[in-house]
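Chemist: could you look at this predicted model? Sequence included:
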Amino acid sequence: MMNYRIREYEDLDYEIVRELFATGMSEYVPAVCIHILKQPWAILLLMSTFCLLLLSSKSLLLPILAITLLLAAGRQLVGYIWSIYIERCLREDLFNIQKTYMESKNSCFWVVEAEGGSIIGTVAVKLSDEKSGELLLKRMSVRRDYRGLGIAKALCRTVISFARQHGCKSIVLNTLVVQHVAQKMYESVGFKKYLDFILPTLYGQLVNFTISKYRYDFPQET
């Protein structure tokens, strides 16, 4: 069993926390590409391109090369769009972690420190903008080599304990359509899905990119 401890964020963690978030989010690019390829319009586009080039050239080589180039270009485009999202997050709440999470009411940022002092995971919580007494769980991330060891669940329990101690009514969070493992993990610790919606952007509508919202409710005294 691996030894680690969950502690509150310190300023010395700044660069590694941002790197951990960026790396973790970048790992979803292949899954996003596969999700896009499953969309009817993408299948139609690839099949139409292949058939048209096959009929016009009467050769398999040209349509195969064309499809390969389309897939490569699509992969680069998805990676570029994803990098824009990552950079936006780094400029927003992850730009001044101390101010956003450590100096704000009912907010906190935790890191997971392994033996030797390396940071291998993070999670944060702040007041939700949607409902009074509700916290928003954000920036859950565990380094790839340390997944499957129960660290994410331990981070969830840390957030739940924090919310309970502060008398909060519930905790909410958002997951992406490609975060299947994370969704199952949240459900295993008591979060329940209460809403699915398509990302309200042109990109979201085009690729049917679903956001799933989860909530953990605390029993209310009567």
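Modeler: Nice, I can see it.
Chemist: ok, residues contacting stretch 127-139?
Modeler: 21, 93-94, 104-107, 109, 122-126, 156, 159, 162-163, 166-173 (CB atoms under 8 Å, 6 or more residues apart in numbering). In this view, the C-beta of every residue, glycine as well, is placed from N, C-alpha and C.
Chemist: buried subset of the residues you listed?
Modeler: Neighbour counting over the contacts of stretch 127-139 (16 or more other CB atoms under 10 Å) leaves 21, 93-94, 106-107, 109, 122-126, 156, 159, 162-163, 168, 170-173 as the buried ones.
Chemist: and the next helix or strand past the lowest-mean-pLDDT helix or strand in the chain?
Modeler: Taking mean pLDDT, DSSP states H and E as the measure, the chain has helix 202-207 as its least confident helix or strand, at a mean of 85. Using DSSP states H and E, the helix or strand that follows helix 202-207 in sequence is strand 210-217.
Chemist: which strands or helices does that next one pack on?
Modeler: strand 170-176, helix 180-188, strand 192-198 (3 or more CB pairs under 8 Å, 6 or more residues apart in numbering; DSSP states H and E).
Chemist: let me have the ones you listed in TSV, extended by mean pLDDT and distance to Ala42.
Modeler: Below are the helices and strands packed on strand 210-217 laid out as TSV (pLDDT from 0 to 100; distance: least, CB to CB, whole Å):
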stretch	mean pLDDT	distance to Ala42
strand 170-176	96	18
helix 180-188	96	20
strand 192-198	95	16
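Chemist: distance to Val17 added to those, as JSON lines?
Modeler: Formatted as JSON lines, the helices and strands packed on strand 210-217 follow (distance: least, CB to CB, whole Å):
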{"stretch": "strand 170-176", "distance to Val17": "18"}
{"stretch": "helix 180-188", "distance to Val17": "18"}
{"stretch": "strand 192-198", "distance to Val17": "28"}
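Chemist: packed most tightly, which of the ones you listed would that be?
Modeler: strand 170-176 (a mean of 19; mean count of other CB atoms under 10 Å).
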